[in-house]
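1. Build me a structure from this.
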Amino acid sequence: VQLQASGGGLVQAGDSLRLSCAASGRTFSRYDMGWFRQAPGKEREFVAGISWSGGSTYYADSVKDRFTISRDNAKNTVYLQMNSLKPDDTAVYYCAARPAVAGTGYAYWGQGTQVTVSS
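-> Coordinates of the predicted model:
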């Protein structure tokens, strides 16, 4: 599956952004999806995940209650709504996919979209 992330940009602290990740190539609804981010000088970290059906979602503690992950299987797209953005949220954001089978890891990655939050 090929993934294309978009929606990043430069915003001020407290603003909102919505990232999108469009998938193509295989049956989107067979994949769990996730968002990760990597800040300069830091390792890539998990941000949010959503099951293939959308019935289960997961968040890093640092974004819980501010970010919302969702998906539209009819549009082959997963979203990350980011509210109350902080400078610490500045990073390159990546979407990823993994087959909806227990024990599998994220095997497919998008190219990343830059999010910069100014104070």
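
2. ok, now how distant is the residue of the chain most remote from its centre from Arg37?
-> Going by C-alpha atoms, centre = their mean, the residue of the chain most distant from its centre is Ser119, 22.5 Å out. Ser119 sits 18 Å away from Arg37 when distances are taken as C-beta to C-beta, to the nearest Å. All C-beta atoms are positioned from the backbone trio N, CA, C, and that covers glycine.

3. same question, Gln111
-> From Gln111 to Arg37 the distance is 14 Å (C-beta to C-beta).

4. Please say which of those two ends up with more neighbours.
-> Between Gln111 and Arg37, counting by other C-beta atoms under 10 Å, Arg37 is the more crowded of the two (24 against 12).

5. So which bits of the helix or strand hosting that one are buried?
-> Arg37 is located in strand 31-38, with elements delineated by DSSP states H and E. Neighbour-count burial for strand 31-38 flags Tyr31, Asp32, Met33, Gly34, Trp35, Phe36, Arg37 (criterion: 16 or more other C-beta atoms under 10 Å).

6. what are the ranges of the strands in the chain?
-> Assigned by DSSP state E, the strands in the chain fall at 2-6, 9-12, 17-24, 31-38, 45-50, 57-59, 67-72, 77-82, 91-99, 108-109, 113-118.

7. same for the last one, what does it pack against?
-> If I follow you right, that is strand 113-118. If you count contacts as 3 or more C-beta pairs under 8 Å, 6 or more residues apart in numbering; DSSP states H and E, strand 113-118 packs onto strand 9-12, strand 17-24, strand 91-99.

8. Now the longest one: average pLDDT?
-> To tie it back to what came earlier, the one meant is strand 91-99. In this model, strand 91-99 has a mean pLDDT of 97.
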